[in-house]
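Q: What follows is a predicted protein model with its sequence.
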Amino acid sequence: MKKYIHYLLVCCLLTLTSCKIIGAIFKAGVLAGIIIVVAILILIVWLIFKGMNRD
């Protein structure tokens, strides 16, 4: 019986750990996406202002 309890405990720990890892990966992906979008918006605004100052 002790073998089964240890086996179930290890399975639960591995499952919970993987969920946390996947959650962290998705959070990092969202953060990277936000940074990329902000950088693109800044580039677009900079290009617009650079084009307006040519006159």
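A: Received, thanks.
Q: Low-confidence stretches in this protein?
A: Within the chain, the segments meeting pLDDT under 70 span 1-2, 12, 16-18, 55.
Q: Run through the strands of it in chain order.
A: In the chain, no strands are found when defined by DSSP state E.
Q: show me where it has helices.
A: Listed in chain order, the helices of the chain (DSSP state H) span 2-52.
Q: Look up phi and psi at Asn53.
A: Per-residue torsions, Asn53: phi -80, psi 0 (degrees, to the nearest 10).
Q: That one - how many residues pack around it?
A: Using other Cβ atoms under 10 Å, the number of residues around Asn53 comes to 7. Every C-beta, even on glycine, is put in place using the N, C-alpha and C of the backbone.
Q: Likewise for Lys20?
A: 9.
Q: Quick check: the gap between it and Leu43.
A: 35 Å (Cβ to Cβ, to the nearest Å).
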